[in-house]
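S.K.: I need the structure of the sequence given here:
(one chain, ligands or ions: 1)
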Amino acid sequence: MDYKTLAAAALEAMEMSYSPYSHFRVGAALLTKSGKIYKGCNIESAAYSPTNCAERTALFKAVSEGEREFAAIAVAGAPKGGEPQYCYPCGVCRQMLKEFFRDDCEVLVVKTADDYKVHTLGEILPFGFGAENLR
Ligand code: THU
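M.R.: Alright, predicted model coming up:
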């Protein structure tokens with residue numbers, strides 16, 4: 001899979017953002033090992049805390065469709081009316097990604113389909129707590 005396609009899908013997903021309170025739009029595109037892409041956006045609530053980040057929306061869509069094996073996720077975020085910035089997953093999303101990602105799965109932060117940075121989950125969540133700790 002060409003990461004340009006995945007980066008473009010994250011930017012597309014950002015267009016669907018429901019963010020009337022923060023006015024910060026986020027989109028995510030999650031790539032399964034079989035090559036399928038699941039998109040998600042942030043969905044806010046007037047009560048604030050029920051808000052769901054774009055990364056978790058994409059992950060929950062995929063997992064609830066039976067997907068378990070992932071290769072990468074791309075994230076794009078921008079203030080309403082502004083340009084996308086390198087938007088890194090929040091701590092809660094990093095932890096949720098750890099549930100299904102190996103440490104070498106890739107996390108892209110996207111400005112444009114051609115301008116993105118690639119990290120691994122292990123890089124952005126070092127010394128994480130996971131299922132292996134409970135064995
Ligand atoms: N947000 C995401 O969707 N993903 C992140 O990783 C960072 C934050 C959303 C949550 C909220 O709707 C808005 O960005 C501002 O925090």
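
S.K.: ok, which stretches of the protein are strands?
M.R.: 24-32, 37-41, 70-79, 106-112, 115-120 (DSSP state E).

S.K.: and the residue nearest the centre of the protein?
M.R.: residue 55 (3.1 Å; Cα atoms, centre = their mean).

S.K.: mind checking how far the closest residue to that residue other than its chain neighbours is from the ligand?
M.R.: Closest residue in space to residue 55, ignoring its immediate chain neighbours: residue 93 at 4.1 Å, by Cβ to Cβ, 6 or more residues apart in numbering. No exception for glycine: its C-beta is placed from N, CA and C like everyone else's. Separation of residue 93 from the ligand (Cβ to the nearest ligand atom, to the nearest Å): 5 Å.

S.K.: near the ligand, which residues of the chain?
M.R.: 19, 22, 24, 26, 42, 44, 51, 53-55, 89-90, 93 (Cβ under 6 Å from any ligand atom).

S.K.: which other residues reach stretch 41-56?
M.R.: For stretch 41-56, contacts defined as Cβ atoms under 8 Å, 6 or more residues apart in numbering pick out 13-22, 24-28, 30, 40, 57, 60, 73, 75, 77, 89-90, 92-93, 96-97.
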